[in-house]
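# Next come a sequence and a model predicted from it.
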There are 2 protein chains.
Amino acid sequence: MNATTLRVLSPVPTDIDIANSIEPHHISVIAKKLNLNPNHYDLYGKYKAKVLLPVIDELKGTKDGFYVVVGGITPTPLGEGKSTTTVGLCQALGAFLDKKVVTTLRQPSQGPTFGIKGGAAGGGYSQVIPMDEFNLHLTGDIHAITAANNLLAAAIDTRMFHESTQSDNALFSRLCAPNKQGNRKFNELMYKRLKKLGITKVKPEDLTLEEVKRFARLDIDPESITWRRVMDVNDRFLRKITVGQGLDEKGMMRETGFDISVASEIMAVLALTTSLADMRHRLGKMVIGNSRYGDPVTADDLGVGGALSVLMKDAINPTLMQTLEGTPVFVHAGPFANIAHGSSSIVADKMALKLVGPGGFVVTEAGFGSDIGIEKFMNIKCRYSGLRPQCAIIVATIRALKMHGGGPPVTAGKPLDPVYVTENVGLVEAGCANLARHIRITKAYGVNVVVAVNQFSTDTDAEIAAVRSAALAAGAYDAVLCTHHAHGGKGAIDLGIAVQKACESASGPFNFLYPLDASIEDKIDVIARSYGACGVEYSKQAEKQIKMYSKQGFSGLPICMAKTQYSFTDNPAVKGAPSGFVLPIRDVRASIGAGFIYPLVGTMSTMPGLPTRPCFYDIDLDTITGKVIGLS
Amino acid sequence: MNATTLRVLSPVPTDIDIANSIEPHHISVIAKKLNLNPNHYDLYGKYKAKVLLPVIDELKGTKDGFYVVVGGITPTPLGEGKSTTTVGLCQALGAFLDKKVVTTLRQPSQGPTFGIKGGAAGGGYSQVIPMDEFNLHLTGDIHAITAANNLLAAAIDTRMFHESTQSDNALFSRLCAPNKQGNRKFNELMYKRLKKLGITKVKPEDLTLEEVKRFARLDIDPESITWRRVMDVNDRFLRKITVGQGLDEKGMMRETGFDISVASEIMAVLALTTSLADMRHRLGKMVIGNSRYGDPVTADDLGVGGALSVLMKDAINPTLMQTLEGTPVFVHAGPFANIAHGSSSIVADKMALKLVGPGGFVVTEAGFGSDIGIEKFMNIKCRYSGLRPQCAIIVATIRALKMHGGGPPVTAGKPLDPVYVTENVGLVEAGCANLARHIRITKAYGVNVVVAVNQFSTDTDAEIAAVRSAALAAGAYDAVLCTHHAHGGKGAIDLGIAVQKACESASGPFNFLYPLDASIEDKIDVIARSYGACGVEYSKQAEKQIKMYSKQGFSGLPICMAKTQYSFTDNPAVKGAPSGFVLPIRDVRASIGAGFIYPLVGTMSTMPGLPTRPCFYDIDLDTITGKVIGLS
């Protein structure tokens, strides 16, 4: 069967069986639908293409389409089908409502695919295909991030090592080694550093001894280093490690650790950058720690900003794929939704908005609920992109609403309590307090909010009616039932129509939650109050960090709260719509290159582990057909 | 200027300037020259394509072309231009002698590109282009290896962790978790393990307590683990590390380390595999260490062999690129030439031999001299592939011969002694003892040997005549001067003609140096004697390992000597053609999946470092054109 001729079965087969039953179009067919010609993209096999950045400039004169962001209520650990709804809505808009549409999604981390989670391409009859390529390697962007992140890490430790074993003059003499003609010269990166140090001399031989020292010796304080290594594998034993134990490293051991690659600041840079030049600039100004004098040390100080940009030069181009019903999808960037902002890239959205043009739709996903997802989407991503959505979708499930209404805990891998599969309108009504708060938070940005109820087979009409009525009472533009998991785009036609109306009737004005020039504390405070908190409590460490970042001149950055997605509070067990709590801020860190300060509300794990029986037990290759089996 | 219309400048510009001055053909043009149609390959951008494995089967009926391997004399640390000669020869054969030709090269490691070394795409007017794509990322094969290698590493530590905290029954119950219908079942990988344990039962509930324990508990001896993590970055601080220091890891710390990715056994598997099914089999049987009872523990025992194959499924397809003169190149696999066999892949050679067909040429490179390169090429790679070369080229430089004749040390980064740039026939003649031994070693396999003198501007006619005469006296089929660095293919026409004659007159028979069924010691002994050694001395540790591998049933594998490339002996300072030395074997390890035992003659560094001023200081992106600058 060809993509665009979906025939659905009941019960719904497994995701990989559905994905394997559809023959995708050659990606050039999808590109052509967007009026792209072969000069606009690079093929990566038959079903993926990287669309090249200059397309944005070429379409400068075209007006943007409608911009729709998909968020959710506070989720259960099972997820509420946000990606599936995003894909299903686009299949409806493109394949049934005859709209130009592009879905923009994050690239999933490969590590969890082999752990518990399985793939992230949507599900049922609303998927991105080929799903194995979507989940594994894709076009190599995450691999490029891993390589760049770890080159910078190696540069840090090696630089400290060489500084510890060499005199100022020896260091300087090696850094400005003579060329073939025997002349010593500074290169461009070195001029950047000289300028930062306030040294205006242009010839290496003119520097005073003191200037030589200041130039050549970064004097990184090992305790201050925030840059960690990364790997796209669930490897819990790398969370905390000691490096430099080889004899040749002369005892320069140091405690550090690995994060999963998508938690790299370089991933957040990729998601927030707007051009090659902007990416080069951001990568160079990433701060890895401080000198012993308290000055921030950057990638460009280490001489490696250019090399990082070279490693990332292809990654900046979004990858074009397709849905089961042949609508185009951009997969690009996948920043961690806890310590980063969790939205796909600005460049993919910008490109997509031009490609669909006026009357068309770009539907993108924000991570988790309005606290963790939509807030960051609006105040970080939209701030940097200049783009403004007309409509936000909040995906809700009866299951999650029942949990918020007081149902027993929902745990991954354990059977569901019967309350979740039998009618209980009371629990649903009580849980709608959570939905109502997400609606109010989201509406405050000046967008129309459409609630999408992602239907499960056990949901009843009365339960769904309760949600619709609560949603409208809370100010939603509309609330619509969807069955795209079971029916593909056809199951999201109503949602598509509602979204179209919401976009056409959007009248703004768009409001940020806070101005950038407020103090770091004031910005954190206003975000916490939007959650329902009555105030914020800072640890000593958090106060120290805020002072430091303010002194270093970084207080004008937006804020990216690192908080659990399972509650408005810092405690994942607190469901519903709690109020009057104090939000604790345990620490404050910064991603200067990406461009945000991130307060840690709790301890965020940045490296997942593997269970006793990881999914990889079921994954194999059919060596006759070359097809992947067992991926879920 | 278009590839195939090379106009050379003098003096020769920098490699990147030459590479950037040529507009490569779209890779489909190159593919068409090989009679490949778009169904035969996947494009990766405009200048790279992965040619799909089924091409080999499709051409089963076609006879192979000539098979030429390029080796060298014992090199200086500056290299003798082996890759450049390989590329230059192919440009001559293809662009001037009108032959069908494919070059098969290793993919270079990305790490060293940012360290001291610079790129590995050849040099001067004999290069593979685009050189930045050749040196960085390529089509992601090394990234796939990194991912697969590290998934296996994570599986090892996590399994030990879960085994340490769970009872036999709890472990078993999780490994054979009930499906949705509540049934427990073994999967295929589990049947493999049961078979290995001699358990013939098919239902989980039928196992005795003792069998449950044997099945579920791998009982890996942490001291025995030989599997390390890898990264394609020169990160010396990862050479020796302690993992598992996080509180959640409950004190299960372990000393281990990272190698550079190309040193992964998975890279050696990729280079030696012959099909998807063979790769699946090899990846599954890779041994990561022993159980506490001394039994080898494999990737399939850990349940991860299938997932590794899925990660590697695209990497098995060779990448097609082109030379400066538009001749086709396969870039595929790049196993470490010290601890592995250092040759590009079998599948690329097989495919290329069919594509050029009778009368055509496939020219491939073996690492370093005949001791480290050609020996492994013949006894490991050709043994597994079944392919037999007709001709071997030995690349020599006047510089290296002078060093072997007694010239002062040649050190990277230091100025050359004047003896290397002024005529000194005596030193050259004395150094030819080294060349003569490489010729004799190589001839013994039954191939014709052609010596290629890679000319530098300071070489004199008398010096070159001395080499030619010594080469012919040692039994070389021919000895030819080449200037392909300065002139491209035109500079290697004579070499091309000599190679053609050598191939056409090859009469075999082909001889291996040792039979596989000899003992490990006997095999090591015969290899050592081919170097000129009078015998071998084993450490206690080496003897212990040989006994263990023999007991485990691995003594029938070929041998891959891990020895310095800078001397026939274990001491890099001993030049020329030494005899009568005893070769020390310090340790013996095994790559069971790749299929060889590797004795360690010295300590091989498997993770390079970065200097005080790494190349990355000069590398940057031109953000207007998107071009890479400063790559050398």
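Arrived safely. Residues are numbered from 1 along each chain as shown, chains lettered A, B, ... in the order given.

# interface residues of the stretch 301-450 of chain A facing chain B?
Of all the residues in the stretch 301-450 of chain A, those in contact range of chain B (CB under 8 Å from any CB of the partner chain) are A:303-307, A:309-311, A:313-314. In this view, the C-beta of every residue, glycine as well, is placed from N, C-alpha and C.

# Farthest-apart pair in those residues, please.
Pairwise distances among these were taken by CB to CB; the largest, 22.3 Å, belongs to A:Gly303 and A:Asp314.

# So which of those two has more stuff around it?
A:Gly303 (24 against 21; other CB atoms under 10 Å in any protein chain shown).

# check contacts around the more buried one.
A:155, A:189-190, B:613-614, B:616-617 (CB atoms under 8 Å, 6 or more residues apart in numbering or on different chains).

# Name the nearest of those relative to B:Arg228.
Taking CB to CB as the measure, A:Ala155 is the one of the contacts of A:Gly303 closest to B:Arg228, at 22.0 Å.

# Next, count neighbours for that closest one.
Other residues within reach of A:Ala155 by the criterion other CB under 10 Å amount to 27.

# Over to A:Val419?
The local packing of A:Val419 (other CB under 10 Å) involves 16 other residues.

# So it sits against A:Gly406, correct?
No - with contact defined as CB atoms under 8 Å, A:Val419 and A:Gly406 do not form a contacting pair (9.3 Å).

# quick one: common contacting residues for those two?
Any residue near both A:Val419 and A:Gly406 by CB under 8 Å, 6+ apart counts here, and that gives A:Leu427.

# so the longest helix anywhere in chain A versus helix B:141-165, what angle?
Looking only at chain A and at elements set by DSSP state H, the helix with the highest residue count is helix A:141-165. Comparing the axes of helix A:141-165 and helix B:141-165 via axes from the mean of the first three to the mean of the last three CA atoms, to 10 degrees yields an angle of 80 degrees.

# Whichever helix or strand comes after helix A:141-165: which residues count as buried?
If you walk from helix A:141-165 toward the C-terminus, the next helix or strand you reach (DSSP states H and E) is helix A:168-175. By neighbour count on 16 or more other CB atoms under 10 Å in any protein chain shown, the buried set for helix A:168-175 is A:168, A:171-173, A:175.

# One more: stretch A:248-261?
Across stretch A:248-261, burial judged by 16+ other CB under 10 Å covers A:249, A:252-254, A:256-261.

# now swap in stretch A:185-193 and tell me
Of the residues in stretch A:185-193, those scored as buried under the neighbour-count criterion (16+ other CB under 10 Å) are A:186, A:189-190, A:192-193.

# and A:Asp57, what helix or strand is that in?
Assigned by DSSP H and E, A:Asp57 falls within helix A:54-58.

# okay, and for chain A, where does confidence drop off?
Segments of chain A classed as low confidence (criterion: pLDDT under 70) are A:1-2, A:117-119.

# What are the structural domain limits within chain A?
Under the assignment automatic domain parsing, the domains of chain A span A:15-139+A:314-504, A:142-304, A:520-600.

# what about the ones you listed, which gets the closest to B:Lys100?
If we rank the domains of chain A by CB to CB, the stretch that ends up nearest is domain A:15-139+A:314-504, at 26.2 Å.

# next one: the closest one to chain centre, how far?
The chain centroid and the centroid of domain A:15-139+A:314-504 are separated by 13 Å, computed with CA atoms, centre = their mean, to the nearest Å.

# same question, stretch A:188-195
The chain centroid and the centroid of stretch A:188-195 are separated by 32 Å, computed with CA atoms, centre = their mean.

# contacts for that stretch?
Surrounding stretch A:188-195, the residues in contact under the criterion CB under 8 Å, 6+ apart are A:175-176, A:186, A:200-202, A:215, A:284, A:300-301, A:303, A:305-306, B:617, B:620.

# what about the longest helix of chain A, near chain B?
Yes - using CB under 8 Å from any CB as the criterion, contacts between helix A:141-165 and chain B involve A:143-144, A:146-147, A:150-151, A:153-155, A:157-158, A:161-162.

# In helices only, show me the contacts of A:Gly303.
Short answer: those in helices (DSSP H) are A:155, A:189-190.

# In the stretch 351-500 of chain A, which residue sits nearest chain B?
Here the stretch 351-500 of chain A gets closest to chain B at one residue, A:Gly413, 8.8 Å apart by CB to the nearest CB.

# That residue falls within a strand, correct?
No - when the secondary structure is assigned by DSSP: H, G, I helix; E, B strand; the rest coil, A:Gly413 falls in coil instead of a strand.

# measure the nearest residue to it once chain neighbours are set aside to A:Pro409 for me?
By the measure of CB to CB, 6 or more residues apart in numbering or on different chains, the closest residue to A:Gly413 outside its immediate chain neighbours is A:Ile116, 7.4 Å from it. Noted for A:Ile116: a distance of 17 Å to A:Pro409, by CB to CB, to the nearest Å.

# neighbour-wise, which of those two wins?
Residue environment comparison for A:Ile116 versus A:Pro409 gives the larger neighbour count to A:Ile116, 16 against 12, counting by other CB under 10 Å.

# Checking the more buried one next. Helix, strand or coil?
At A:Ile116 the chain is in coil, as set by three-state DSSP.

# Give the closest residue to the single nearest residue of the stretch 201-350 of chain A relative to chain B in space, chain neighbours not counted.
The nearest approach of the stretch 201-350 of chain A to chain B comes at A:Gly306, 3.0 Å away (CB to the nearest CB). On the basis of CB to CB, 6+ apart, the spatially nearest residue to A:Gly306 that is not a chain neighbour turns out to be B:Asp620, at 3.0 Å.

# residues in contact with that neighbour?
With contacts taken as CB under 8 Å, 6+ apart, B:Asp620 has the following neighbours: A:188-189, A:280, A:305-307, A:309-310, B:628-630.

# Please export the C-alpha coordinates of the helix or strand containing A:Ile288 as CSV.
Secondary-structure assignment from DSSP H and E places A:Ile288 in strand A:287-290. Output for strand A:287-290, consisting of C-alpha atoms alone and laid out as CSV, is shown next (Å, rounded to 0.1, in the frame of the first residue of the first chain):
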residue,chain,number,x,y,z
VAL,A,287,30.6,28.9,28.6
ILE,A,288,32.2,25.8,29.9
GLY,A,289,33.2,27.1,33.3
ASN,A,290,35.1,30.0,34.9
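
# Now, of the contacts of stretch A:188-195, which are buried?
With burial judged by 16+ other CB under 10 Å, the buried subset of the contacts of stretch A:188-195 is A:175-176, A:186, A:215, A:284, A:300-301, A:303, A:305-306, B:617, B:620.

# got a markdown table for these, with distance to A:Gly532 too?
Supplementary listing: the buried ones among the contacts of stretch A:188-195 in a markdown table, determined by distance: CB to CB, whole Å:
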| residue | distance to A:Gly532 |
| --- | --- |
| A:Leu175 | 53 |
| A:Cys176 | 57 |
| A:Phe186 | 54 |
| A:Phe215 | 51 |
| A:Gly284 | 40 |
| A:Asp300 | 42 |
| A:Asp301 | 42 |
| A:Gly303 | 47 |
| A:Gly305 | 41 |
| A:Gly306 | 46 |
| B:Tyr617 | 51 |
| B:Asp620 | 48 |
